[in-house]
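**Student:** here are the coordinates; sequence isn't available:
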Ligand code: NAP
């Protein structure tokens with residue numbers, strides 16, 4: 001019962017695929033209705049959430065462009081009532097050598113991975129405070145919250161930024177009973193890492209360093225997101241939890 005989310009509403013960004021879809025399904029299985037935000041329709045996620053018996057509502061918004069976070073919150077509220085749980089998962093990665101890295105790629109990555117997370121968190125937190133909800137905000141960080149990476153300067157900066165944003169929001173929202181935490185996934189088999197996994201050398205280097213001996217899957221984040229989303233975790237805030245098969249301690 002500690003992790004029962006019946007009657008809760010979760011907004012999950014980037015829920016069409018990969019880790020976001022996996023976390024949306026985990027939250028739905030625990031009883032939450034799901035509002036999913038992405039830049040394109042997500043019929044597969046809609047069908048799979050529906051199979052859990054929970055309600056599903058999609059909001060199509062391109063987070064790389066200027067968008068109205070208050071309108072997102074209003075649409076979610078109109079669909080299912082106010083938001084109890086926000087998962088800032090949508091993210092992109094652009095790879096190029098540092099010396100060639102373009103301003104356009106920098107802006108796109110920072111806009112989707114960091115600026116959108118801030119704007120959505122701010123709008124959702126305002127609604128949580130107004131409606132006196134002990135809300136939960138879960139951000140998705142990365143191993144590149146702790147490490148610099150190679151050929152991904154904007155991504156690394158955005159994911160370091162996610163840790164700072166998590167801590168800053170945790171401080172200011174704690175008096176309202178709202179917790180803010182982050183999950184730092186290790187190397188997970190999703191579209192985001194397709195380029196790494198299809199490069200035999202990089203795939204071998206990465207796999208050899210993971211103590212658990214395998215790439216992670218979207219299901220591997222289920223326990224972490226339920227832990228942070230649960231009412232029972234009310235004294236846990238401002239943390240960044242690696243879910244990495246041991247990568248960081250190698
Ligand atoms: P993914 O399958 O590519 O998922 C990314 C999601 O973000 C997609 O569902 C996509 O939905 C959404 N998205 C991308 N651009 C968007 C935009 N402009 N507006 C709205 N939504 C947008 O990759 P993933 O691995 O699951 O990534 C999810 C999160 O985990 C990201 O923050 C990523 O940085 C992080 N992460 C991944 C790994 C890994 O190893 N895979 C490791 C650490 C952290 P649409 O296509 O509908 O736009």
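**Tutor:** Yes, it's here. Here the structure is a predicted model, which is why all the values come from computation and not from measurement.
**Student:** any idea how far the nearest residue to residue 82 once chain neighbours are set aside is from residue 77?
**Tutor:** Nearest non-adjacent residue to residue 82, counting by CB to CB, 6 or more residues apart in numbering: residue 131, 5.0 Å away. Yep, even glycine has a C-beta here, placed from its N, CA and C like the rest. Residue 131 sits 9 Å away from residue 77, going by CB to CB, to the nearest Å.
**Student:** what do you get for residue 124?
**Tutor:** Distance of residue 124 to residue 77, given as CB to CB: 10 Å.
**Student:** what residues do these two have in common as contacts?
**Tutor:** Taking CB atoms under 8 Å, 6 or more residues apart in numbering as the contact rule, residue 124 and residue 77 both touch residue 83.
**Student:** higher neighbour count, these two?
**Tutor:** More crowded of residue 124 and residue 77, by other CB atoms under 10 Å: residue 124, with 26 against 15.
**Student:** got the buried residues for the helix or strand harbouring the more buried one?
**Tutor:** In this assignment (DSSP states H and E), residue 124 forms part of helix 116-130. Within helix 116-130, the residues that count as buried by 16 or more other CB atoms under 10 Å are 116-121, 123-125, 127-128.
**Student:** With stretch 37-56 instead?
**Tutor:** Across stretch 37-56, burial judged by 16+ other CB under 10 Å covers 37-39, 42, 45-46, 48-49, 52, 54, 56.
**Student:** interface residues of the protein facing the ligand?
**Tutor:** With the criterion set to CB under 6 Å from any ligand atom, the chain comes near the ligand through 14, 16-20, 38-40, 62-64, 89-92, 112, 140, 142, 185, 187-188, 190-193.
**Student:** Try it again at 5 Å.
**Tutor:** Residues of the chain lying near the ligand by CB under 5 Å from any ligand atom: 14, 16-19, 38-40, 62-64, 89-92, 112, 140, 142, 185, 187-188, 190-193.
**Student:** how about residue 77, what does it touch?
**Tutor:** Neighbour list for residue 77: 83, 127 [criterion: CB under 8 Å, 6+ apart].
**Student:** lowest-pLDDT helix or strand in the chain?
**Tutor:** Ranked by mean pLDDT, DSSP states H and E, the weakest helix or strand in the chain is helix 194-197, scoring a mean of 92.
**Student:** Tell me how far that helix lies from the chain's centre.
**Tutor:** Helix 194-197 has its C-alpha centroid displaced from the chain centroid by 20 Å (CA atoms, centre = their mean, to the nearest Å).
**Student:** Nothing else from me, thank you.
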